[in-house]
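Asks: Could you look at this predicted model? Sequence included:
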Amino acid sequence: MADGAQGLTVLEKSILISKGMSEQEVGRLMEMGVRGKEDLKVIGDAGTLAELVGLRPEVAGRVMSWALGGAAPGPSPDKIVVQSGDVVLCVHCGTKQPKDYKSGDLCGACGKQAEPIMACYWCGATGPGKFCRQCGATFVPTAELELGILLKREGVPKDEIPEKLRRMDQAEKDVLWGRARRY
């Protein structure tokens, strides 16, 4: 190396390999004159890197994301999406419903009722969503409504009932159904 450049450090080579490059691909990169992360910035984008070295596009994307200091391709775990308060998402598939959506309408994407009308085990009110709009209780599945009512009668706190029903196995629910039928 006549210009005194040292080449990729051991750490940089390890990072490139962890991003999906093989030893041979790292070698080709060095033969092209890449001596460090700064030289990768000169390449500019994943498409160019993929063409120059013969990398798979997803590997080139991960390498360039690291070199340019950007986020990895795909959804970021710390990405925050702010939506207006009137947005309705289908409880089954998560698709955003149109502005003219009314409670009880079917989802245009999956065809199921986007917001099923649920009954509250705590106060008896009905409504869409995951929580009762009257008392704030988390709705339980319709098939377990009577079990929720029984647990309320037995003195289980409102916030513990949905979690308790979720944790129960079928044998425990059968015992609870036996007690519910006695009332």
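Replies: It's in.

Asks: any idea how far the worst-scoring helix or strand of the chain on mean pLDDT is from the chain center?
Replies: The helix or strand with the lowest mean pLDDT-type score in the chain, counting by mean pLDDT, DSSP states H and E, is helix 37-43 (a mean of 85). Distance of helix 37-43 from the chain centroid (C-alpha atoms, centre = their mean, to the nearest Å) equals 32 Å.

Asks: buried ones in that helix?
Replies: K37, D39, L40, I43 (16 or more other C-beta atoms under 10 Å). Every residue, glycine included, has its C-beta placed from N, CA and C.

Asks: Also stretch 174-181?
Replies: Neighbour counts using 16+ other C-beta under 10 Å place L176 of stretch 174-181 among the buried residues.

Asks: hmm, who's touching that stretch?
Replies: Stretch 174-181 is touched from outside by E146, L147, I149, L150, L151, M168, with contacts defined as C-beta atoms under 8 Å, 6 or more residues apart in numbering.

Asks: Repeat that for stretch 30-48.
Replies: Contacts of stretch 30-48 with the rest of the structure, by C-beta under 8 Å, 6+ apart, involve 5-9, 12, 49, 52-53, 57, 60-61, 63-68.

Asks: Check which residues of the next helix or strand after the least confident helix or strand of the chain are buried.
Replies: Past helix 37-43, further along toward the C-terminus, the next helix or strand under DSSP states H and E is helix 46-53. Neighbour counts over helix 46-53 (16+ other C-beta under 10 Å) mark A46, L49, A50, V53 as buried.

Asks: Out of those residues, which comes closest to T126?
Replies: Closest approach between the buried residues of helix 46-53 and T126, by C-beta to C-beta: A46, at 51.8 Å.

Asks: Any idea how many residues pack against V156?
Replies: For V156, the tally of surrounding residues (other C-beta atoms under 10 Å) stands at 14.

Asks: Remind me what the helix or strand hosting V59 packs against, helices and strands.
Replies: Under DSSP H and E, the secondary-structure element containing V59 is helix 57-68. Using 3 or more C-beta pairs under 8 Å, 6 or more residues apart in numbering; DSSP states H and E as the contact criterion, the neighbours of helix 57-68 among helices and strands are helix 37-43, helix 46-53.

Asks: mind checking which of those is nearest T126?
Replies: The stretch from these with the least distance to T126 (C-beta to C-beta) is helix 46-53; that distance is 51.8 Å.

Asks: model confidence over the closest one, on average?
Replies: Here the mean pLDDT over helix 46-53 is 88, rounded to a whole number.
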